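J.: my questions are about this predicted structure, shown below with the sequence.
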Amino acid sequence: MSRFSRKYYQHDAQTLARALLGQVLVRVLADGTRLAGRIIETEAYLGVEDKAAHSFGGRHTPRNAAMWGPAGHAYVYFIYGMHYCVNVVSATPGDPAAVLLRALEPLEGLDTMRRHRAGRIAASRLRDRDLCSGPAKLAQALAIDRALDHADLVMGRELFIERGVQVPPQDIVATPRIGIGYAQEWAQKPLRFVVG
DNA sequence: ATGACGATTTACT
DNA sequence: GTAAATCGTCATA
C-alpha cells in the first residue's frame, strides 16, 4: 500500500484538508493489529491568524509544539479532561497550521475498535458507523493518545496514511467548523470539509 | 499558586 | 435540547 511523501503534506491546511478526504488513516498496534479507516471529515486550522487555532497569535507552547514542526507529523492533544484529538500537520516549519481529523469510515479492525470504544459505552449499542464518527471517537477507536503526538506519518510504523480514492471537489461539502464559537469571525468560515 | 476554560461525548429530560 | 463528566493547559499574579 502506498504512502504519501513529505511533499504531499507541505501545502496550506485548507488544501490538505480537502486532499485528505478519501485517504486511509492506518494505526498499527504494538501487537501488529492493523486498524484503518477512510477519512470522511476534516477541518483546517490555518495558523497565527486563525482565532480558532491553538497557534493563534503566535502561541507556541509545549502542547501545540507539533503544529510548529515539519509537515506530515501528527499533532495529538488532550481536551475536556478526557478526550484526544488527532491532527495532521501541514505547511512547513514556522507556519503552525494543521488539519483536524473529525471522522472515519471504519475499514479494518472493527472488532478491536469496538473493544476500544466499549470502555465507555455498551458495546452492543455501538453500530459500525458510530465507531469513528467524531474526532475523539476516532482517536479512542484507534488507540491514539499523547504517545503519538509528533508521530511521523511519512516514516513511522505506528500511525500513517495510505493512498485511498481521492474525493472529487464536487463531492466535498464545506461548512463552518464545529465547537469554536469563541473564534468570532473565524467561526463562520467554511473550513470544515465533509464527503457529500 | 490559582482559576477559567476547552477543535467532545454521552446520557438524560 | 440541555447538562454533566473531568483535568491538562495556559494566562495571570
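T.: Good, I have the coordinates. As the structure is a prediction and not an experimental result, all values here were calculated from the model.

J.: please enumerate the strands of chain A.
T.: A:24-28, A:34-45, A:74-79, A:83-89, A:98-108, A:159-162, A:172-175, A:192-195 (DSSP state E).

J.: partner strands of the fourth one, with direction?
T.: According to DSSP bridges, strand A:83-89 has the following sheet partners: strand A:74-79 (antiparallel), strand A:98-108 (antiparallel).

J.: same question for the second one.
T.: Strand A:34-45 has its sheet partners listed here by DSSP bridges as strand A:24-28 (antiparallel), strand A:98-108 (antiparallel), strand A:192-195 (antiparallel).

J.: which stretches of chain A have low pLDDT?
T.: A:119-124 (pLDDT under 70).

J.: that one against DNA strand C: which residues are in contact?
T.: Neighbours of DNA strand C within chain A, by Cβ under 7 Å from any atom of the strand: A:59, A:61-64, A:78, A:80-82, A:146. C-betas here are computed from N, CA, C, even on glycine.

J.: skipping adjacent residues, who's closest to the spatially most central residue of chain A in space?
T.: In chain A, the centroid-proximal residue (Cα atoms, centre = their mean) is A:Leu101; its distance is 2.4 Å. Computed as Cβ to Cβ, 6 or more residues apart in numbering, the closest residue to A:Leu101 that is not its neighbour in sequence is A:Val86, at 5.0 Å.

J.: my read: the one you found touches A:Ala143, true?
T.: No: if you go by Cβ atoms under 8 Å, A:Val86 and A:Ala143 don't touch, sitting 11.3 Å apart.

J.: so which of the two has more stuff around it?
T.: Neighbour totals were compared for A:Val86 and A:Ala143, and A:Val86 leads with 26 against 20 (other Cβ atoms under 10 Å).
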